[in-house]
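Undergrad: Model the structure of this input:
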Amino acid sequence: MEKINRERVRDIWLKAQGLSEARPFGRGPLATPRAVQHLGYVQIDTINVIERSHHHILYSRIPDYKRAHLHQAQTHDKSVFEYWTHALAYISSEDYRYFIPAMRRRKANPSSWYSSVSKADLQKVMRLIKKEGPISIRDIDDDILVEKDHEWASRKPSKRALQLAFNGGDLVISERQGMLKKYELTERHFGWDKKPKAATANEVLDYEIDRGLRSQGVVSIDSLCHLEKTPHKKEILKRVEGRVRKGSLIPVHIEDVSKIQFWMKPELLDHKVEHPEDLVHILSPFDSLVIQRKRFYMFFDYDHRFEAYLPKEKRKYGYFALPVLIGDKAVAVLDLKTDRQKQKLLVQQWNWLGKHKSQDNKKMIEQELHRFEKFQLDR
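TA: Numbers count the residues shown, from 1 in each chain. Presented below is the predicted three-dimensional model:
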C-alpha cells in the first residue's frame, strides 16, 4: 500500500477544491458554472450576517465573481439548478439525470413535513404555474391562511405544495430574487426536446465517487458519503473496491491517520502541487473544504466550530466564524459582520491558530479583508 503524509493530502485536496491558484475557473460569467460543475455542488444557506454562503463559496474561487453571474447561470443559461445533496445546493445541469432517482423517491414517499399538503393544494399551484409562468409564494394571494406548526413554516398552504412539487422534480427553482424562490415547470424551464434519462443506481454511485475524486483528490467512504447512512456507504464501498481491482484507484495509507481507509487515482502520486505563499482565502463555514469538519481537522489541525446557534457565552470563535488560509495552512479564524447601513465590514473577533501570528500574516489578511469588504458591499 502506498504511503503519503498529511501535508501531501492537504495539497492535493486544495488543488482539487480550486484553492491552490488565483483563478482556477477563469474569469467572467462562465467561471461560475465551471466552478459548480467541478466542485459537484455549492451549498445554499440563508444566513446573511455577511454575504450568503453560495456567493461566498464562488467568490473564494473566482476573484471577479458577481452575484449576477449565478443568476445568469440559473435563470438564463440554465447551466445550474437547485436540488438536494447533503443540503440544498447549486448543481451543474449536466448532472441532472443523476438526481432523477432521488426525485422519484421523494415524490413516491414524501416526508411527513408534507402530510398537510392536499391533492387540491398541489393541483392548484401546478395549474397556476402552467397558466401564469414562474411564480413565487408572494404571487399566491388567495390561500386560506393557517396557523404555523413550525417557526420555518408559512401560513400559506401553497408554500409546502410548491416545495413538495420541487422535491418530486415537477417544479424547478427558476430564479432567486435574494432568497425569494420563483418556481417553474421543470420541462418548460429547461426547454428539453426530450427529458434526460434517469441514471441507474450504479450510475448514481459512480457519479458520487467521481464527484468526490474530482473535488477531494484523496477520498474515504465518509468523505464520499457526507451525512449519508450506512447502507449507502456499503454500496459506495463495493463500487470503490471494484475500481481498485481494475487499477483505476489505489488504496493509500496516510501517516498519523489510523483506522481510516483512503483511496486516490494512481496518477496523483507523482502530481506536484504548489501553493503561492501569499494566496489568502477567507472561507465560508459552508465551503465544501470546511463543511466536512472532521476531515478538515484531520488535515488542517483546526477543529472548526459553527457557533451561530450557541448562546453567546458558549462561543469560542464568534457567531459566524470564518477560517482563514494562507497558502496551504489554516492560520486564523475571523468572526465578521457586514454593517450594510454604514457600508463597513466589521471584524467582531480575530483568533490566531497555532503559531501563525505574525505581522506578515496580519498584513496579508488585512489586504484580503479590504477586497472581501468590497465584495460584501458591491451590489
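
Undergrad: Now the nearest residue to residue 41 once chain neighbours are set aside: phi and psi?
TA: Nearest non-adjacent residue to residue 41, counting by Cβ to Cβ, 6 or more residues apart in numbering: residue 89, 3.9 Å away. C-beta here means a position set from N, CA and C on the backbone, and glycine is covered the same way. With angles defined as degrees, to the nearest 10, residue 89 sits at phi -150, psi 160.

Undergrad: if I read this right, residue 89 contacts residue 80, doesn't it?
TA: No: using Cβ atoms under 8 Å, residue 89 makes no contact with residue 80, being 9.6 Å away.

Undergrad: ok, which stretches of the chain are strands?
TA: Ranges of strands in the chain, per DSSP state E, are 2-4, 42-43, 80-84, 88-92, 171-177, 180-185, 250-254, 262-264, 280-282, 321-326, 329-339, 344-352.

Undergrad: Show me what the first one pairs with in its sheet, parallel or antiparallel.
TA: For strand 2-4, the paired strands and their directions (DSSP bridges) read strand 250-254 (parallel).

Undergrad: Over to the third one?
TA: Taking DSSP bridges as the criterion, strand 80-84 sits next to strand 88-92 (antiparallel) in its sheet.

Undergrad: mind listing what's buried in the strand it pairs with?
TA: Neighbour-count burial for strand 88-92 flags 88, 89, 90, 91, 92 (criterion: 16 or more other Cβ atoms under 10 Å).

Undergrad: State the distance from residue 89 to residue 346.
TA: Separation of residue 89 from residue 346 (Cβ to Cβ, to the nearest Å) stands at 28 Å.

Undergrad: sorry, back to before: the residue nearest to residue 41 bridge partners, please.
TA: Assigned bridge partners for residue 89, using DSSP bridges, are residue 43, residue 83.

Undergrad: before we move on, the earlier item: how about the strands of the chain, which one is nearest residue 147?
TA: strand 180-185 (22.8 Å; Cβ to Cβ).

Undergrad: Direction-wise, compare the closest one with strand 80-84 and give the angle.
TA: For strand 180-185 against strand 80-84, the angle between stretch directions is 100 degrees (axes from the mean of the first three to the mean of the last three Cα atoms, to 10 degrees).

Undergrad: Could you list the buried residues of strand 180-185?
TA: Applying 16+ other Cβ under 10 Å to strand 180-185 flags 181, 182, 183, 184, 185 as buried.

Undergrad: Would you mind measuring from the residue lying closest to the last one once chain neighbours are set aside to residue 183?
TA: Of all residues not flanking residue 185 in the chain, residue 129 sits nearest, at 5.9 Å (Cβ to Cβ, 6+ apart). Between residue 129 and residue 183 the computed distance is 6 Å (Cβ to Cβ).

Undergrad: Give the residues shared as contacts by these two.
TA: 135, 171 (Cβ atoms under 8 Å, 6 or more residues apart in numbering).

Undergrad: Look up the pLDDT of residue 211 for me, please.
TA: Predicted confidence (pLDDT) for residue 211: 98.

Undergrad: Which strands or helices does the lengthiest helix in the chain pack on?
TA: Counting by DSSP state H, the longest helix found in the chain is helix 359-377. Packing partners of helix 359-377 (3 or more Cβ pairs under 8 Å, 6 or more residues apart in numbering; DSSP states H and E): strand 280-282, strand 321-326, strand 329-339, strand 344-352.

Undergrad: Pull up the pairing partners for the third one, direction included.
TA: In this case it means strand 329-339. strand 321-326 (antiparallel), strand 344-352 (antiparallel).

Undergrad: burial count for residue 29?
TA: For residue 29, the tally of surrounding residues (other Cβ atoms under 10 Å) stands at 19.

Undergrad: Contacts only, for it.
TA: Shown in contact with residue 29 (Cβ under 8 Å, 6+ apart): 66, 68, 69, 72, 73.

Undergrad: Low-confidence stretches in the stretch 51-200 of the chain?
TA: Low-confidence segments of the stretch 51-200 of the chain, defined by pLDDT under 70: 151-152.

Undergrad: go with 90
TA: The stretch 51-200 of the chain contains residues with pLDDT under 90 at 141-157, 178-179, 194-195.

Undergrad: Equivalent analysis for the stretch 251-379 of the chain, please.
TA: Using pLDDT under 90, the stretch 251-379 of the chain drops low at 256-259, 269-278, 378-379.

Undergrad: and if we set it to 80?
TA: Along the stretch 251-379 of the chain, the parts satisfying pLDDT under 80 run over 258, 273-275, 379.

Undergrad: give me phi/psi at residue 118?
TA: phi -90, psi 160.

Undergrad: could you list every residue that touches residue 176?
TA: For residue 176, the contacting residues are 71, 74, 182, by Cβ under 8 Å, 6+ apart.

Undergrad: so how many other residues sit close to the second one?
TA: Per other Cβ under 10 Å, the neighbour tally for residue 74 reads 24.

Undergrad: That one and residue 90 touch, don't they?
TA: Yes: in terms of Cβ under 8 Å, residue 74 counts as a neighbour of residue 90; the distance is 7.3 Å.

Undergrad: Now list whatever residues contact both of those two.
TA: Common neighbours of residue 74 and residue 90 (criterion: Cβ under 8 Å, 6+ apart): 80, 81, 82.
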